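> Only the shape, not the letters, is given here:
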């Protein structure tokens, strides 16, 4: 590669969601000139916000996502934290309306609730404050020629097609990514996509009345919990919003939804399964949401590799869409940006070194190849863990076996001499992808949610080893109980037999 000038090279980011905006900020801070292309209208418009509310699962951002924002722009991370609502645990609602709080972490660490539309808008504003970033809404990518470094884009408002030149392309355009489809034309990409036989629909729980005239609205439920109504094959969840409302999402088998084919059927089903939630949502509001909001599918995607030469890479849902049951889709996508940022800096990729036509930037190509190679196992691991967590949320949390294992899990965790929290490890993650410094017993949820220094693949391997210990402990405990009962019975029988 030969430097032929000092003007910044041009990067295009396809997709103006949270991952795309953070990726643009990362590149711009390294000296790239960045253009973001988004097929949808400006998300800051009222019409865009209304549309987003109809089919958006509220987001739970945790330590991994916050660590990524912190690594790219510490100031943005501080401003962002002032807009979230902390949730310190799950609140389980049983079929009789009884409540059980299950804290996420013994040290009080929490996950944070935020509306998807608000997060998108907030990160977009942060991106547009960074010099060198421009955004083009209602510009749909039609095709990409990676070898010629040309992208064909449809300007929807002007009803015209334009050709866009670029040096580097990032695809952050979601599950149905056009960048991924175009990469498949030039890359031998392994690709899996499947839908689970469950759908979801979004509902709204209104705010409560103010405590005093002229005061702020109140929450009808504890705002510092993620509320779950687990019903074995389906579940309802509720996450708090700043305005006192809760965004509720109903997950159920497709066949279960199909049976809810009338207003009467919907209300009766909620009365039977969610008797404490129905009066809080309201029958009329429930039916309005069912008729207005779309029923949406749940999809999982795995792909490999994620890049092509020094020309392009896909991040976030474009590369690894996952079901939302671990709350890691957003966090993982933002972590993708942090990992790529570190690898680009470690490879000393120069944003001002122009590459002659027909040649490659060997440093950039090496960094992208390293990303594909090192990141794949992590992404497969979290996709699988997210799928497994659905069973835990809708069923396992109500079982005696789960509670026993959770209690034993927490007991072994409490025996650790050293307590490491997210605050202890985040400062180092601007320079290192992962430290994977493991010591003592660590619950799965703690590793996934509160330890961004541990890669997802390392989390899964440690969890599998610890599961073997818990299973053995369970069998030993069962053996002790059976043995105790057996000895007691034998003793009683002997006493009865030996009676005169």
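That came through fine. These figures come from a predicted structure and were not determined experimentally.
> neighbouring strands for the longest strand along the chain, and are they parallel or not?
Counting by DSSP state E, the longest strand found in the chain is strand 190-205. Strand pairing for strand 190-205, determined by DSSP bridges: strand 246-253 (antiparallel), strand 296-304 (antiparallel).
> Next, the contact list for the residue nearest to residue 197 when sequence neighbours are not counted, please.
Closest residue to residue 197 apart from its sequence neighbours, by CB to CB, 6 or more residues apart in numbering: residue 254 at 5.4 Å. The way it works is simple: take the backbone N, C-alpha and C, and place the C-beta from them, glycine included. Counting by CB atoms under 8 Å, 6 or more residues apart in numbering, residue 254 touches 197-199.
> Now the buried members of those residues.
198-199 (16 or more other CB atoms under 10 Å).
> State the distance from the closest residue to residue 255 other than its chain neighbours to residue 281.
Spatial nearest neighbour of residue 255, excluding adjacent residues (CB to CB, 6+ apart): residue 197 at 7.6 Å. Noted for residue 197: a distance of 25 Å to residue 281, by CB to CB, to the nearest Å.
> One more: residue 139?
39 Å.
> circling back to that earlier point, going by distance to residue 102, which of the contacts of residue 254 wins?
Set against residue 102, the nearest of those by CB to CB is residue 198 (22.7 Å).
> The closest one against residue 300, yeah?
No. Here residue 198 lies out of contact with residue 300, judged by CB atoms under 8 Å, at a distance of 11.5 Å.
> Now that residue 81 has come up, it's in contact with residue 66, right?
Yes. Taking contacts as CB under 8 Å, residue 81 lies within contact range of residue 66: 7.2 Å.
> which of these two has more neighbours?
residue 66 (21 against 14; other CB atoms under 10 Å).
> I'd like the next helix or strand past the helix or strand hosting that one.
In the assignment (DSSP states H and E), residue 66 maps to helix 63-72. As assigned by DSSP H and E, the chain's next helix or strand after helix 63-72 is helix 74-81.
> So which bits of that next one are buried?
Buried residues in helix 74-81 (16+ other CB under 10 Å): 76-77, 80.
> other SSEs contacting that helix?
helix 63-72, helix 116-128 (3 or more CB pairs under 8 Å, 6 or more residues apart in numbering; DSSP states H and E).
> which helices and strands sit right next to the shortest one?
Looking back up the chat, that one is helix 63-72. helix 18-29, helix 74-81, helix 329-346, helix 422-425, helix 444-450.
> remind me which residues of the chain are low pLDDT?
For the chain, the stretches with pLDDT under 70 are 1-5, 48-57, 474-500.
> returning to what we had before: where do the contact lists of residue 81 and residue 66 overlap?
In contact with both residue 81 and residue 66: residue 112, using CB under 8 Å, 6+ apart.
> where exactly do the strands run in the stretch 151-300 of the chain?
Taking DSSP state E, counting those that start in this stretch as the test, the strands found in the stretch 151-300 of the chain are 160-165, 168-171, 190-205, 226-230, 235-240, 246-253, 296-304.
> Residue 315 is nearest to which of those strands?
The nearest among the strands of the stretch 151-300 of the chain, by CB to CB, is strand 168-171 at 6.3 Å.
> can you list the residues that contact that closest one?
With CB under 8 Å, 6+ apart, strand 168-171 has contacts from 9-15, 20, 23, 27, 32, 144, 146, 151, 177-180, 183, 310-315, 318-319, 364.
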